[in-house]
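>>> Quick one: sequence and predicted model below, then my questions.
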Amino acid sequence: MTAVPDTTTAPSRADEIRMLMQQWQASPMARTMGMKLIDLGDGTATLEAWPNAVFNNPQKRMHGGFAATLIDSGLGLAVQTRLGPGIGYGTIELKVNYTGRIDVDTGRLLIVGAVIHAGRTLFTAEARITDAAGKVLAHGSGTFMVFPT
């Protein structure tokens with residue numbers, strides 16, 4: 001098993017994601033949360049999202065799961081850009097640090113994920129959520145198992 005893309009027989013995973021990005025065929029979760037993939041690189045992914053009151057906790061802030069899902073999505077897409085055809089992945093560990101308030105008045109959020117380690121069976125990545133001014137509102141890291149599909 002290898003996590004290195006095989007460009008001789010099929011488009012790379014990054015190319016597949018770029019095709020999805022052009023047509024923005026988001027997953028049901030991404031549509032529900034208003035996420036949009038806006039940039040993709042080799043081992044990186046950038047999404048945008050807009051806080052929505054439907055994700056408020058009782059304090060009228062975004063529930064922590066909102067930020068955790070955005071981080072996990074940024075991490076996973078970054079990992080996916082480095083996988084070859086027929087290789088899947090799954091989050092096996094997620095760590096999130098909440099460093100600022102996210103509510104409906106926060107406005108546009110940018111989520112940037114980047115691969116830190118790309119191994120044969122495990123990947124690690126980190127991501128940040130920032131507001132329009134570049135203030136870090138949450139950041140996190142994750143470990144991903146890679147496997148043949």
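Thanks, I have the structure now.

>>> Roughly how far does residue 47 sit from residue 105?
The gap separating residue 47 from residue 105 is 20 Å, by C-beta to C-beta, to the nearest Å. Every C-beta, even on glycine, is put in place using the N, C-alpha and C of the backbone.

>>> more neighbours, these two?
Legend: neighbour count by other C-beta atoms under 10 Å for residue 47 and residue 105, higher for residue 47 (24 against 8).

>>> what's near enough to touch the residue lying closest to the more buried one once chain neighbours are set aside?
In space, and not counting its chain neighbours, residue 47 is closest to residue 111: 4.4 Å by C-beta to C-beta, 6 or more residues apart in numbering. Going by C-beta atoms under 8 Å, 6 or more residues apart in numbering, residue 111 touches 35, 46-49, 70-71, 73-74, 127-129.

>>> Distance check, residue 111 against residue 38.
10 Å.

>>> intersection of neighbour lists for those two?
46-48.

>>> Take those and keep only those in strands.
The members of the shared contacts of residue 111 and residue 38 that map onto strands under DSSP state E are 46-48.

>>> For these, give me a markdown table that also has pLDDT.
Converted to a markdown table, those look like this (pLDDT from 0 to 100):
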| residue | pLDDT |
| --- | --- |
| 46 | 96 |
| 47 | 96 |
| 48 | 96 |
